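> coords below, sequence missing:
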Ligand code: NAD
């Protein structure tokens, strides 16, 4: 059977596929026109957030049995069209949880200790010691919105920092909450009580602009808000207002309502915000895990259908 890998994958993933006896064709991010050609005789396609696996691509692949997405999110795959043909769509959502959690802490610490600001000032020739007064975390309260895979990893690290942990989720996993010493509360209480608020819910109609002007106003003046989940969960305009008018201390953002963030976006003009270009899952370890996990899932499905 033939597997098309249409995005860069860790070398170990190629080994896993070849060792399982599959023929592997690799072409990095082909155009739709080229993809239509490539899929004609393949049993599986593996992609990342690119290229797009459209209905047209699926219709052009008569032998296709499985589409694998290394990583999280299926936005680039026409899942409905795949379903109609009985083609399975799989991803590897757990592969990057720890990496996203560690980036969350990088953002929290960068905001709390004004790391990015200080670095910018030094490069500009300024020794901005007085302006870089920071906040200590031990003994403070962290509010984790979304206590799933990533939220749990963030909580484990919070425990090491000696922080009190508040949790908000529609599903209350008391076993994991107990393990990290966290307490489930309502969203408004979490926002009012927390010194650090971090978001780990998926983007859904129920979470779009979950953090809006009203919610930002509930937060403490010295609170840090971090979003490594999805941009539209925060109302960006309201956040800019909050950061400019000092309703909160600062924010750390890995995701945005518009990505890539436009060059002169108002967020780039603010000193109390730390910005990263959606790099939560960008670690060697997460990429390796994502590749191997997706290869193994694809193999399992192909073997079950052989
Ligand atoms: P998960 O499914 O394990 O956890 C999400 C949690 O959110 C679940 O416990 C769920 O019950 C809860 N939830 C869902 N809707 C809710 C609501 N309306 N209110 C409160 N809680 C709600 O997901 P995860 O693996 O922890 O990932 C969380 C999010 O992180 C993903 O959906 C993705 O958007 C984002 N993510 C970002 C990056 C990055 O590069 N920055 C990488 C991976 C994932």
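It's in. Since the structure is predicted, the reported quantities are computational estimates derived from the model, not experimental observations.

> Just give the nearest non-adjacent residue to residue 82, would you?
Sequence neighbours aside, residue 89 is the residue nearest to residue 82 in space, at 5.1 Å (criterion: CB to CB, 6 or more residues apart in numbering). (Each C-beta comes from the backbone N, C-alpha and C, glycine too.)

> An error on my part: the question was meant for residue 305.
Excluding the flanking residues, the one nearest residue 305 by CB to CB, 6+ apart is residue 65, at 5.1 Å.

> picking that back up, how many neighbouring residues does the residue nearest to residue 82 have?
When counting by other CB atoms under 10 Å, one arrives at 16 neighbours for residue 89.

> Number the residues from 6 up from this point.
Sounds good: first residue 6 from here, last item residue 94.

> partners of the one helix or strand it maps to in the sheet?
Secondary-structure element containing residue 94, defined by DSSP states H and E: strand 93-96. Strands that pair with strand 93-96, judged by DSSP bridges, come out as strand 71-74 (parallel).

> Mind checking the pLDDT average for the partner strand?
Here strand 71-74 scores 98 as its mean pLDDT.

> From the contact counts, what lies against the helix or strand following it?
Stepping forward along the backbone from strand 71-74, the first helix or strand reached (DSSP H and E) is helix 84-89. Contacts defined by 3 or more CB pairs under 8 Å, 6 or more residues apart in numbering; DSSP states H and E place helix 84-89 against helix 60-64, strand 93-96.

> on that earlier part again, quick check: the gap between the residue nearest to residue 310 and the ligand.
The gap separating residue 70 from the ligand is 26 Å, by CB to the nearest ligand atom, to the nearest Å.

> what residues are up against that residue?
Residue 70 makes contact with 48-49, 92-93, 306-307, 310, according to CB atoms under 8 Å, 6 or more residues apart in numbering.

> Helices - which of the residues you listed land there?
Secondary structure from DSSP state H places 306-307, 310 of the contacts of residue 70 in helices.

> List just the nearest of these to the ligand.
Taking CB to the nearest ligand atom as the measure, the ligand sits nearest to residue 306 out of these, at 21.6 Å.
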